[in-house]
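> quick one: sequence plus predicted model below, questions after.
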Amino acid sequence: MTDEADLIIAAKAGSVTAFTELVRSYSERLLRFLLTRCESYADAEDALQDTFINAYRYLQSYDSRWRFSTWLYRIAIRNAARLRTDHVAELGELRDEESDPLKLCIAHSERENLWQSARRLLSDEVYAAMWLRYVEDMSIKDVAVVLDRSNSWTKVNLLRGRRALDAELNRDKPTNESEAYG
């Protein structure tokens with residue numbers, strides 16, 4: 001069984017093997033996504049595990065009118081948000097990491113990365129919309145469903161996100177040829 005629809009039907013019927021295959025096919029992508037939404041790798045792994053536990057527990061509620069990936073990403077977003085809320089409550093306040101030279105070096109190197117820039121510049125929802133659209137290659141409609149937003153909101157915020165990134169990436173570049181060649 002390699003067709004996703006067949007795997008879902010078999011998993012709903014109680015096949016652990018079919019559900020394991022679904023987990024295997026989505027684990028890497030979901031973990032990559034959760035790493036952008038969680039504070040640490042361990043938190044992303046916890047959210048991933050919780051996502052698959054919840055997916056298994058509520059598999060009977062999955063509606064095949066929607067893409068399975070859309071349903072999983074919605075669960076993942078909720079788990080990541082719950083973890084983030086738990087951490088804020090545990091920490092009480094943000095840590096002072098500016099004095100750690102290694103973290104400063106890593107932060108400097110990450111500033112060069114497009115997705116790190118996006119993470120810094122964009123709201124969580126706009127960042128998630130961009131990630132789902134451009135990394136996970138989801139349709140506008142699927143992104144809207146995952147984020148529980150309208151198609152219009154999704155389109156407008158993808159445009160705003162692209163413009164914000166474009167402005168950030170081009171902020172130190174010359175704006176015309178005379179500036180470029182001095």
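Cool, the structure landed.

> what about Y73, how many residues nearby?
Neighbours of Y73 under the rule other C-beta atoms under 10 Å: 27. Quick note: C-beta positions are derived from backbone N, CA and C, even for glycine.

> if you rank every helix and strand of this structure by mean pLDDT, what lands last?
When the helices and strands of the chain are compared on mean pLDDT, DSSP states H and E, helix 177-181 comes out lowest with a mean of 49.

> can you give me the end-to-end distance of stretch 131-145?
For stretch 131-145, the first-to-last residue distance is 14 Å (C-alpha to C-alpha, to the nearest Å).

> and it, what's buried?
Residues of stretch 131-145 classed as buried by neighbour count (16 or more other C-beta atoms under 10 Å): 131-134, 136, 138, 142-145.

> identify the farthest-apart pair in those.
Of all pairs drawn from these, the greatest distance, 16.9 Å, lies between Y134 and V145 (C-beta to C-beta).

> tell me which of the buried residues of stretch 131-145 is nearest to V16?
Closest to V16, out of all of the buried residues of stretch 131-145 and judged by C-beta to C-beta, is E136, at 26.1 Å.

> for the closest one, which non-adjacent residue is closest in space?
R29 (6.3 Å; C-beta to C-beta, 6 or more residues apart in numbering).

> what residues sit buried inside the top helix by length along the chain?
In the chain, ranked by residue count with DSSP state H as the criterion, the top helix is helix 68-91. For helix 68-91, a neighbour-count test (16+ other C-beta under 10 Å) marks 68-77, 79-80, 83-84 as buried.

> which residues does it contact?
If you take C-beta atoms under 8 Å, 6 or more residues apart in numbering as the criterion, helix 68-91 is touched by 4, 8, 22, 26, 30, 33-34, 37-39, 43-44, 46-48, 50-51, 54-55, 58, 62-63, 128, 132, 136, 138, 142, 145-148.
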